[in-house]
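What would the 3D arrangement of this be:
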Amino acid sequence: MTIALELPWPPSVNNYWTHARRGTFISVRGVNYRMSVRVEIAKAKIYKPLTGSLHLILKLFPPDLRRRDIDNVLKALLDALAKGGLMLDDNQVKKLDIEMMSDLHGVVEVYVKPIEQV
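Numbering: from 1, shown residues only. Presented below is the predicted three-dimensional model:
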């Protein structure tokens, strides 16, 4: 079984967090991103978080031609998938394949497969 989702482009690590006197918190952009991912997970009719080890395949379609580090999208994306109810915790991801695509769409295609225990 493979689950496929198309998600909006996540905020960068620099925009995901905000700093205040009381500490570091998820920014408004980060909270809004989490909510949009939760909506997409609900649209996919995923009502219970996946358990066990997972293999994620990510196809990144950037919103514009700016140079980007491929790992800059991971924190916001994995946190949002966990908080959105796709999985219990992002530490379940044991295999991760990432590809930066050349087409500009501002989305991330996410494919999730359980890793069978032998």
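
can I assume Met87 is in contact with Ser53?
No: Met87 is beyond contact range of Ser53, at 10.1 Å (criterion: CB atoms under 8 Å). No exception for glycine: its C-beta is placed from N, CA and C like everyone else's.

higher neighbour count, the two?
Comparing Met87 with Ser53 by other CB atoms under 10 Å, the one with more neighbours is Met87, at 22 against 15.

so where's the chain uncertain?
Within the chain, the stretches with pLDDT under 70 are 117-118.

Against which helices or strands is the helix ranked longest in it packed?
Ordering each helix of the chain by length in residues (DSSP state H) puts helix 28-43 first. Judged by 3 or more CB pairs under 8 Å, 6 or more residues apart in numbering; DSSP states H and E, the packing partners of helix 28-43 are strand 3-8, helix 13-16, strand 17-20, helix 74-83.

got the buried residues for that helix?
Across helix 28-43, burial judged by 16 or more other CB atoms under 10 Å covers 29-30, 33-34, 37-38, 40-41.

And those, which is closest to Lys83?
Set against Lys83, the nearest of the buried residues of helix 28-43 by CB to CB is Arg34 (5.2 Å).

how close does the closest residue to that closest one other than its chain neighbours sit to Val73?
Distance criterion CB to CB, 6 or more residues apart in numbering; nearest residue to Arg34, sequence neighbours excluded, is Ala80 at 4.6 Å. Applying CB to CB, to the nearest Å, the value for Ala80 to Val73 is 10 Å.

any common contacting residues for those two?
Any residue near both Ala80 and Val73 by CB atoms under 8 Å, 6 or more residues apart in numbering counts here, and that gives Pro10.

So the two - more neighbours on which side?
More neighbours surround Ala80 than the other of Ala80 and Val73, with 26 against 22 (other CB under 10 Å).

So Leu58 sits against Met101, correct?
No: in this structure, Leu58 is not within contact of Met101 by CB under 8 Å, at 10.1 Å.

what about the residue sitting furthest away from the middle of the chain, distance to Leu56?
In the chain, counting by CA atoms, centre = their mean, Arg21 sits farthest out from the average C-alpha position, at 28.2 Å. Between Arg21 and Leu56 the computed distance is 36 Å (CB to CB).
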